[in-house]
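[1] Output the structure for:
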Amino acid sequence: MVIGLKDNFFYIWKNGKLNDIRFQIALPFILLIIIVMLGLGLYISDFLYNSLSTAEKKQLTSKVNLVAEIISPFLIDETFHDHLDYYTSLYAQQLETRLTVIDVYGEVLGDSQVDKESMNNIIELPEIKEAKNSGLGEDIRYSDLLGENSIYVAVPIIHEKEIIGFIRTNISIKPIENQIRGFQQSLVLITLLVIVITILITLWISNTSMAPLQKLTQLADMISSGTMDPESITSYAVKSSNDEISQLSKAFNGMATQLSNQIKALESERSKLVGIFSVMTDGVLIVDERSQIQLINPSAETMFSITQSDAIGNTLIEIFRNHQIQELWEQCNTTGEAQYATLEIIPQRLYLQGVATPLGQSLPGSTLLLFQNLTHLRKLETMRKDFVSNISHELRTPLASLKALTETLQEGALDDPPAAKRFLQRMETEVDSLSLMVSELLELSRIESGRVPLRMGRIHPCTVIKGAIERLILQAERAGLEIEIKCDDKIPDIMADSIRLEQVLVNLIHNAIKFTPQGGVIQISGRLAHPDVQFCVEDNGVGISREDLPRIFERFYKTDRARSSGGTGLGLAIARHTVEMHGGKIWAKSIQGKGSQFYFIIPLAD
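    Sure thing, here's the model as predicted:
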């Protein structure tokens, strides 16, 4: 009988196939054999141990009883006590055992192997106490002298019905243990031999009867793991003379073909669904009746800054920590109807349109949550409202002034030439203000739409700073202000449109002049901040409040103190867009009442 490697018990064990039917057949027999042999071995070992030790105890008892009768006269006469070592050794040599003579108080009077002076009182030893009480004492324990377990037997020495001492002997139990160990080794070998024979017979029987079913099992595993095309399954049909097995094979082949068609259809539908979910810009979640997330698409992961592994299997409240989303789902789950809500997600600063729809028969108990990101639309709406409000405010003042001047002229001021001339000059001023506003609006519109091409070229930062200062130096002097320049000529060139970059500095310096009291100092600096050059316009004027600082670069945004000083409120917005067109960044720092610092960076030329 020959059994291949893949069909033997050790291959099954090594590869962890503990559910293999061959293993299930063999295992009960193997366990039964092991249990029976183990029980039998324990019983026989214990029986042999008790029998051999009992026989040894009886033999030792006979010896000590004989010695007790012989040595009794020597114990009665104290003149012989000094010679007890000699007699003890003599009798021990004849009986081939160790002997110890003890008086009634436990003192050793003689020992065949150990100097009695070195031995302690042994009256409390188990065998001595038992001999004193019952006439025979026995014990098995470790012997320090022999270095192994020993049997101890002691009997009392009696004279005229009184105990006058004890005689004790002990012998190593190692021979008994060696006999039992030899028996156990033989039993283990027999057990292993029986187990091997059982395994071989079991495997032979199972291989013969289960081979066709194993072939079908292998084919099913190959199909389920995707390593075999179900359409070609008929070429692997199980050939068996057993009618039932043949019918099972045919049924299996038909099932595999049908399953293959269904899997292909499902894979096609799944691919379509996954493709749609992946490209959707709206966030999509599917939640079951326990509020646990079953599906989440990439847009939702990005929208809420979560990952699929964190979301799947957890509840909405655990993942989002948002009562609005939880309430939206609860309302839909309770009513069984679609629910709508506008949500504000604080951490991500998102404004969402949430839609909860029950999936009904498609997925009973599940709910589809759809989140449309309205953040950008809301920002645009806010910007539109702010723009309309700001431009309305900016136009209202000059238009109201023009209307008042016109009405005054119509009511008779035309007849007073000096007054009429003064009113016309004021009207011209207001018209110039409106023209400037329209001009800057058009400029800002062109910049934002990218219709203003930059004429880039290499230019030194200090050249840009000096050009801006030359345009405003007279205005600063009239305002009683001092302008300082800090710019290192060793700074590398930048790549910029010099005219537009100079206008950025002009806008910033003009604001500094406008909001710095007489006697103040304005400092314009440029320094290397690799890989950029950082420009700074710093003043010690009135400063900007903490509330206004984040919005100063918005169109038409002006603080209350700025409105009283005129201006369109577009200069900083134009400056921001111009700097960003150069690939830079602009920002401001300020402490109200102590001045402001406006910074912007421009990349170095290659």
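
[2] phi, psi of the nearest residue in space to Met119 that is not next to it in sequence?
    Counting by CB to CB, 6 or more residues apart in numbering, Met119 lies nearest to Val108, which is 4.4 Å off, once chain neighbours are set aside. For the C-beta atoms, the positions are set from N, CA and C on the backbone; glycine is no exception. Dihedral pair for Val108: phi -80, psi 120, per degrees, to the nearest 10.

[3] mind listing what Val108 touches?
    Val108 sits next to Thr100, Val101, Ile102, Lys116, Met119, Asn121, Ile122 when contact means CB atoms under 8 Å, 6 or more residues apart in numbering.

[4] Can you check the pLDDT for it?
    If you check Val108, the pLDDT there is 83.

[5] Okay, and the beta partners of it?
    Beta bridges link Val108 to Ile102, judged by DSSP bridges.

[6] From Glu138, how far out is it?
    In this view, Val108 and Glu138 are 19 Å apart by CB to CB, to the nearest Å.

[7] so what's Arg446 scoring on pLDDT?
    pLDDT for Arg446: 69.

[8] Oh, that last question was meant for Leu27, not what I typed.
    Predicted confidence (pLDDT) for Leu27: 77.

[9] Kindly indicate whether it is helix, strand or coil.
    The local conformation at Leu27, judged by DSSP: H, G, I helix; E, B strand; the rest coil, is helix.

[10] Give me the neighbour count for it.
    15 (other CB atoms under 10 Å).

[11] re earlier: just the buried ones from the contacts of Val108?
    By neighbour count, with 16 or more other CB atoms under 10 Å, those hold Thr100, Val101, Ile102, Lys116, Ile122 as buried.

[12] What are the buried residues along the host helix or strand of Tyr152?
    When elements are assigned from DSSP states H and E, Tyr152 belongs to strand 148-159. Residues Ser150, Ile151, Tyr152, Val153, Ala154, Val155, Pro156, Ile157 are the ones in strand 148-159 that count as buried (16+ other CB under 10 Å).

[13] show me where the stretch 401-550 of the chain has helices.
    For the stretch 401-550 of the chain, applying DSSP state H, counting those that start in this stretch gives helices covering 417-449, 461-478, 498-514.

[14] Tell me which of those helices lies nearest to Lys63.
    Nearest to Lys63, of all these, is helix 461-478, at 118.3 Å by CB to CB.

[15] So which other helices or strands are in contact with that closest one?
    Judged by 3 or more CB pairs under 8 Å, 6 or more residues apart in numbering; DSSP states H and E, helix 461-478 is in contact with strand 482-487, helix 498-514, strand 521-529, strand 532-539.

[16] Export those to a markdown table and append columns for distance to Thr315, mean neighbour count and mean pLDDT.
    Compiled in a markdown table, the helices and strands packed on helix 461-478 are given as follows (distance: least, CB to CB, whole Å; neighbours: other CB atoms under 10 Å; pLDDT from 0 to 100):
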| stretch | distance to Thr315 | mean neighbour count | mean pLDDT |
| --- | --- | --- | --- |
| strand 482-487 | 60 | 14 | 93 |
| helix 498-514 | 52 | 21 | 90 |
| strand 521-529 | 49 | 18 | 93 |
| strand 532-539 | 48 | 22 | 95 |
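
[17] Format these as JSON lines; extra columns: distance to Asn333.
    Below are the helices and strands packed on helix 461-478 laid out as JSON lines (distance: least, CB to CB, whole Å):
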{"stretch": "strand 482-487", "distance to Asn333": "66"}
{"stretch": "helix 498-514", "distance to Asn333": "57"}
{"stretch": "strand 521-529", "distance to Asn333": "56"}
{"stretch": "strand 532-539", "distance to Asn333": "55"}
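
[18] which one of the ones you listed lies closest to Leu259?
    Ranking these by their distance to Leu259 (criterion: CB to CB) puts strand 532-539 first, at 64.3 Å.

[19] So which residues make contact with the closest one?
    461, 464-465, 491-492, 494, 505, 508-509, 512, 515-516, 520-528, 584, 595-604.

[20] Not counting residues beside it along the chain, what's closest to Gln308?
    Closest to Gln308 by CB to CB, 6+ apart is Ile296, at 5.6 Å.

[21] Test my guess that the one you found contacts Leu285.
    Yes. At 5.2 Å, Ile296 and Leu285 qualify as touching, with contact defined as CB atoms under 8 Å.

[22] Mutual contacts of those two, please.
    Joint contacts of Ile296 and Leu285 (CB under 8 Å, 6+ apart) are Ala311.

[23] Quick one: low-confidence residue ranges for the stretch 251-400 of the chain.
    383-384, 386-391, 393-394, 397 (pLDDT under 70).

[24] Going along the chain, name the helices of it.
    Assigned by DSSP H, counting those that start in this stretch, the stretch 251-400 of the chain shows helices spanning 298-304, 308-311, 316-320, 323-335, 375-410.

[25] Is it possible to get JSON lines of these that adds mean neighbour count and distance to Ala251?
    Shown next, in JSON lines, are those (neighbours: other CB atoms under 10 Å; distance: least, CB to CB, whole Å):
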{"stretch": "helix 298-304", "mean neighbour count": "18", "distance to Ala251": "43"}
{"stretch": "helix 308-311", "mean neighbour count": "14", "distance to Ala251": "40"}
{"stretch": "helix 316-320", "mean neighbour count": "17", "distance to Ala251": "46"}
{"stretch": "helix 323-335", "mean neighbour count": "16", "distance to Ala251": "43"}
{"stretch": "helix 375-410", "mean neighbour count": "13", "distance to Ala251": "59"}
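
[26] before we move on, the earlier item: from the buried ones among the contacts of Val108, which one has the minimum pLDDT?
    Confidence by pLDDT is poorest for Lys116 among the buried ones among the contacts of Val108, given 75.

[27] what sits against it?
    Taking CB under 8 Å, 6+ apart as the contact definition, Lys116 lies against Asp85, Val108, Leu109, Gly110.

[28] Can you select the buried ones from those residues in ChimeraX?
    Buried members of the contacts of Lys116, defined by 16+ other CB under 10 Å, are picked up in ChimeraX with:
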select :85,108,109,110
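
[29] which two in the contacts of Lys116 are spaced the farthest apart?
    Pairwise distances across these (CB to CB) peak at 9.8 Å, for the pair Asp85 and Val108.

[30] Over to Gln348: give its phi and psi.
    According to degrees, to the nearest 10, Gln348 has phi -90, psi 0.

[31] count of neighbours near it?
    Residues lying near Gln348 (other CB under 10 Å) number 13.

[32] Could you do Gln372 as well?
    Per other CB under 10 Å, the neighbour tally for Gln372 reads 14.

[33] Pretty sure it sits against Gln353.
    Yes. Counting by CB under 8 Å, Gln353 is a contact partner of Gln372 at 4.2 Å.

[34] What mean pLDDT does the strand or helix carrying Val194 get?
    Assessed by DSSP H and E, Val194 sits inside helix 174-225. Throughout helix 174-225, pLDDT has a mean value of 77.

[35] In terms of secondary structure, what does it contact?
    Applying 3+ CB pairs under 8 Å, 6+ apart, one finds that helix 174-225 contacts helix 21-76, strand 148-159, helix 243-279.

[36] can you give me the offset of the last one from its chain's centre?
    If you compare the mean C-alpha spot of helix 243-279 with that of the full chain, they lie 36 Å apart, counting by CA atoms, centre = their mean, to the nearest Å.

[37] begin at 783 from here
    Taking 783 as the first residue, the last one we looked at is helix 1025-1061.

[38] what's the angle between it and helix 956-1007?
    70 degrees (axes from the mean of the first three to the mean of the last three CA atoms, to 10 degrees).

[39] same deal with the second one?
    Orientation note: strand 930-941 sits at an angle of 150 degrees relative to helix 956-1007 (the same axes, to 10 degrees).
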